[in-house]
Structures are given as C-alpha cells and as structure tokens.
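J.: model the structure of this input:
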Amino acid sequence: MSTLDNNWFTEVFQDQGTAFSLQVKRKLHEEQTSFQKLEVWETETFGNLMVLDGCVMLTSRDNFLYHEMMTHPALFTHRDPKKVVIIGGGDCGTLREVLKHPDVEEAWQVEIDERVTRVSEKYFPELCESNRDPRANFFFGDGIQWVRDQPPGTVDVIIVDSTDPVGAAEGLFALDFYRDCMIALREGGIVVQQSESPLLHTNSIIRDIHSDMKEAGFDHVQTLAFPQPVYPTGWWSCTMGGKDVHTSYFREEDAADRPFVTRYYNEGVHRGALAMPQFMLEALEDPVRPAEG
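T.: Reported below is the predicted structural model:
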C-alpha cells in the first residue's frame, strides 16, 4: 500500500508495521498497463522513482546495488557464461550489467509487461543504454512458459529479476519453475532468484526457495545479502542454485580483473556476501525449528 501526503511518497508494509518514504517533486508518468499500475515520480534526492501497484521498484540513485548483485555474482560463479536469460527485469538494468561481460554471446530479457521497458527507456535511459547491443534479445510474454519451451541444456545462467511473489510473479517462486530451469540449463548452469529481505523472509520465502531449488535438483544453494535502501528493511538478497557447480566458489581473479566499471560489486564484496548471518544459517540448516528473522 502507498500513500502521498505533503509531497512524501510512502510505501506502507502493513503486516510488518513499517514504512518507507521519499520526498517527491512531481509525478512524471502514470498508466494502467494490461498487468499493473505503473507510476514514475521525480524525487528530491533519489532521482526518478518507479512504482508498480504501489510498490517501490527502483530509483535512479540506488538501483546499482540490486542490479550488480543480481548479475555479477552469478556470472562470475559460472565457469564460462555464454547465454544468459533474465526473467522479468523490464527496467533493463540487469540486462545492462549482463552485457558488461564481454564473453556473453547472447542475452534474453523475458518480461511480461512491455510497458515497463518502454517507460524505462524514457525515464531511466541510463539503464537501457545496452538495449541496442546486438547480443540483446527481447521477448514480451510469460517467462514461466518461455523457460518451459527452451530446448534442454541450452542456457548457462537464468536470472529471475521478479517482483514480490504475488500475482503474476508467484509462479516464479515455485518448485515446477525451478525444475524447468534445471532442464533448460547446461551442466554447470546457475539460476539466481531475487529472494526478498533476510530480516523479514528468511523463515518463509528464502527457506522455501532453498528447499524448492534443492528438490528441483540444484546441488548447491547459496543466499547472498546486500543493502538496498528503498526496499523493506533496506536489506535485500538473491539466492543462487548451481547445477553441478558449487555456488560458494567463484572466479575471484576474473572478478578482480573485470574489464568494466562497477559501483558496488567487487571480488571482496562477493566473498563477503557468501557469509550468511548466524540466524540465517540456523534457519536454513534446520527448517523445522523456528529461528528469529
């Protein structure tokens, strides 16, 4: 739920008893797409703000934290990623980060709502600067069905850059979807799923992702936490599943020598993010016994 009061946009997380606010100057865009209500605001200190169905999606100022951590840990964990698929990610920021890797030969963005991409091209052009890269491919439609239709063993990395697990995105947090990812991936493939807040969702969403990925056949599952100020609690995560590859190891030398610019990600950040807080370890090692968080 979101409110606007005295030029402050506030997203209220009613069930958690908390909220997040940004001071706004004006509304730049509003429309009801075929799937959701899409708004763009100009804020006082965080640049432009995108909101979907009242929920904050990204801002110009801090989106690099999310996009870099959704992308580079997975691509540097994979031995040699050539074909990368992004499910969701209509703002194109994850696609931009993927295409910074010169060895990636083919990247697909599979987004259900084309309007998110078209509006991003206008109000977040810096995120869309790689959209004309010859390696970039776009499919606007159902990402679950798209993965299911892929020939077995043809994808190296699948990045699930989805909204919260409600509505159309709910099926992206499901055992059947992870099974389809397992089939589509080559040996050594990686799936990475945005996995919400460690503080709020370790005992629910994150634990379920670990369980479902393992049941789908992913031998190693690892959650990496990172800051994300505009999301609930300001602390977010992604969870990687490896198909016959250990997600706790990565090409650290290659990450250190990366031939592109990042603002948050580096080999030290990657290494540190692999260390999960104690309450998460306890909750994920013993899913029956409740733990705080």
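J.: okay, now the domains of this structure?
T.: The chain breaks down into these domains under automatic domain parsing: 2-59, 63-285.
J.: ok, longest strand in the protein?
T.: In terms of residue count, the longest strand belonging to the chain (DSSP state E) is strand 18-32.
J.: just checking, what packs against that strand?
T.: Contact analysis of strand 18-32 by 3 or more C-beta pairs under 8 Å, 6 or more residues apart in numbering; DSSP states H and E lists strand 8-13, strand 37-43, strand 48-52, strand 55-59, helix 114-123 as its packing neighbours. C-beta: built from backbone N, CA, C; applies to glycine.
J.: this protein: helices as residue ranges?
T.: Counting by DSSP state H, the chain forms helices over residues 63-77, 93-98, 114-123, 143-148, 175-184, 198-201, 207-216, 252-256, 267-273, 278-285, given from the N-terminal end onward.
J.: got TSV for those, with mean neighbour count and mean pLDDT too?
T.: Formatted as TSV, those follow (neighbours: other C-beta atoms under 10 Å; pLDDT from 0 to 100):
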stretch	mean neighbour count	mean pLDDT
helix 63-77	24	98
helix 93-98	27	98
helix 114-123	18	98
helix 143-148	19	95
helix 175-184	20	96
helix 198-201	20	95
helix 207-216	19	96
helix 252-256	14	98
helix 267-273	16	98
helix 278-285	16	93
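J.: right, so of these, which gets closest to A107?
T.: Shortest separation from A107 across those is recorded for helix 93-98, at 4.9 Å, computed as C-beta to C-beta.
J.: tell me how far the closest one is from the chain's mean position?
T.: 11 Å (C-alpha atoms, centre = their mean, to the nearest Å).
J.: alpha carbons only: can I get that helix in CSV?
T.: The C-alpha atoms that make up helix 93-98 are tabulated as CSV, following Å, rounded to 0.1, in the frame of the first residue of the first chain:
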residue,chain,number,x,y,z
GLY,A,93,19.2,-2.6,-15.5
THR,A,94,20.1,-6.2,-15.1
LEU,A,95,20.4,-6.6,-18.9
ARG,A,96,22.9,-3.8,-18.9
GLU,A,97,25.0,-5.4,-16.2
VAL,A,98,24.9,-8.8,-18.0
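J.: what stretches of the chain score poorly on pLDDT?
T.: Low-confidence segments of the chain, defined by pLDDT under 70, are located at 1, 165-169, 286-293.
J.: geometric centre of it: which residue is closest?
T.: Taking C-alpha atoms, centre = their mean as the criterion, D161 is the residue nearest the geometric centre of the chain, at 3.5 Å.
J.: quick one: that residue and R96 touch, right?
T.: No - at 11.7 Å, D161 does not count as touching R96 under the criterion of C-beta atoms under 8 Å.
J.: make CSV from the helices and strands packed on strand 18-32 and add distance to S195 to it.
T.: Shown next, in CSV, are the helices and strands packed on strand 18-32 (distance: least, C-beta to C-beta, whole Å):
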stretch, distance to S195
strand 8-13, 17
strand 37-43, 24
strand 48-52, 18
strand 55-59, 16
helix 114-123, 21
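J.: wait, which of those is closest to E282?
T.: Taking the helices and strands packed on strand 18-32 one by one with C-beta to C-beta, strand 8-13 is closest: 24.5 Å.
J.: list the strands paired with that closest one, with their directions.
T.: Strand pairing for strand 8-13, determined by DSSP bridges: strand 2-5 (antiparallel), strand 18-32 (antiparallel).
J.: got a list of contacts for the shortest one?
T.: Contacts to strand 2-5, defined as C-beta atoms under 8 Å, 6 or more residues apart in numbering, come from residues F9, T10, E11, V12, V24, V51, G54, C55.
J.: against S21, how distant is L99?
T.: Counting by C-beta to C-beta, to the nearest Å, the gap between L99 and S21 amounts to 34 Å.
J.: correction: V40
T.: Relative to S21, V40 is positioned 17 Å away (criterion: C-beta to C-beta).
J.: can I get the helices of the chain in CSV with distance to Q32?
T.: Listed next are these as CSV, based on distance: least, C-beta to C-beta, whole Å:
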stretch, distance to Q32
helix 63-77, 24
helix 93-98, 23
helix 114-123, 10
helix 143-148, 21
helix 175-184, 27
helix 198-201, 29
helix 207-216, 31
helix 252-256, 42
helix 267-273, 37
helix 278-285, 38
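J.: closest to D244 out of those?
T.: Within those, the stretch nearest D244 is helix 175-184; the backing value is 10.4 Å (C-beta to C-beta).
J.: need the CA coordinates for the closest one. PDB is fine.
T.: Extracted as PDB, the C-alpha positions of helix 175-184 are listed here (Å, rounded to 0.1, in the frame of the first residue of the first chain):
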ATOM      1  CA  LEU A 175       9.200 -25.900  -7.500                       C
ATOM      2  CA  ASP A 176       7.900 -26.600 -11.000                       C
ATOM      3  CA  PHE A 177       9.600 -23.400 -12.300                       C
ATOM      4  CA  TYR A 178      12.900 -24.400 -10.800                       C
ATOM      5  CA  ARG A 179      12.500 -27.900 -12.400                       C
ATOM      6  CA  ASP A 180      12.000 -26.200 -15.700                       C
ATOM      7  CA  CYS A 181      15.100 -24.000 -15.100                       C
ATOM      8  CA  MET A 182      17.100 -27.200 -14.200                       C
ATOM      9  CA  ILE A 183      16.100 -28.700 -17.600                       C
ATOM     10  CA  ALA A 184      16.900 -25.600 -19.600                       C
END
